[in-house]
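Enquirer: With the sequence up front, the predicted model follows.
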Amino acid sequence: MSDVHLIQHPLVTHKMTHMRDKETSTNRFRDLMHEVSMLLAYEVTRDFPLSSVDIETPLAPMKASVLDGKKIVIVSILRAGSGILDGMLQILPSARVGHVGIYRDPRTLVAVEYYFKMPPNMESRDAIIVDPMLATGHSAVAAVDRVLETEPRSVKFVCLLASREGIAFFHESHPDIPIYTAAIDDALNEKGYILPGLGDAGDRLYGTR
Ligand code: URA
């Protein structure tokens, strides 16, 4: 398979089951998305560089390692990406934030951009692009295309749930960009929703249905 990291830790899988359950309330769904996102942040930053600083413990001076959080940019694909963003910011509080506003034309399922804002000096930053659902892959590819124009040091894509079709479409355009996901489902319906999936992630996150 292409560069896909399927995060199957029991904690992640357990929380995903509750997110999929249609009886789960908006409130609980939002909390679960934050919790899963923190666990995914742990995996996606696994190979991020550390630098050395001089500190003093209560007993002795030492050289210690730190992650430069300011070099990380979490890029939220609006609107449901903001659920992952909020969770990841709890564990990466110094990270910078970018936003890509993209909606799917319901007729053509093609991605249309309406907003784009990134921090400056992207060439020295590692971008983590987040969207809960990698369904057809059109929005993800459009978002990655735009972020790549800013020439970040590296790019990774994080979602909660991916379809096989979405992964294939994504990696046709961006074979070198790794995908981190908590689950992979087999099918898409005629409206481009993942089956069995978890429904409309934005509606379930914000209670808009
Ligand atoms: N977006 C969603 O919110 N859910 C899907 O299943 C597909 C795209």
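Expert: Sure, I can see it. Bear in mind the structure is a predicted one, so any value in this text is a computation, not a measurement.

Enquirer: what are the phi and psi values for V73?
Expert: Torsion angles at V73 (phi, psi; degrees, to the nearest 10) stand at phi -120, psi 120.

Enquirer: How many residues are close by it?
Expert: 23 (other CB atoms under 10 Å). Where you see a C-beta, it was placed from the backbone N, CA and C, and this is true even at glycine.

Enquirer: Next one: it from the ligand, what distance?
Expert: As judged by CB to the nearest ligand atom, to the nearest Å, V73 and the ligand stand 23 Å apart.

Enquirer: Could you check how far K15 is from the ligand?
Expert: Taking CB to the nearest ligand atom, one finds K15 at 17 Å from the ligand.

Enquirer: Wasn't K63 part of a helix?
Expert: No - K63 is assigned strand when assessed by DSSP: H, G, I helix; E, B strand; the rest coil, not a helix.

Enquirer: so what's it closest to, chain neighbours aside?
Expert: Once flanking residues are discounted, K63 sits nearest to S52: 5.1 Å by CB to CB, 6 or more residues apart in numbering.

Enquirer: what number of residues lie near that neighbour?
Expert: 8.

Enquirer: secondary structure element for it?
Expert: In the assignment (DSSP states H and E), S52 maps to strand 50-56.

Enquirer: on contacts alone, who are the packing partners of that strand?
Expert: strand 61-67 (3 or more CB pairs under 8 Å, 6 or more residues apart in numbering; DSSP states H and E).

Enquirer: can you pull the contacts of the residue nearest the centre of the chain?
Expert: Closest to where the C-alpha atoms of the chain average out (CA atoms, centre = their mean) is V130, at 2.4 Å. V130 is in contact with 37, 74-77, 81, 84-85, 88, 157-159, counting by CB atoms under 8 Å, 6 or more residues apart in numbering.
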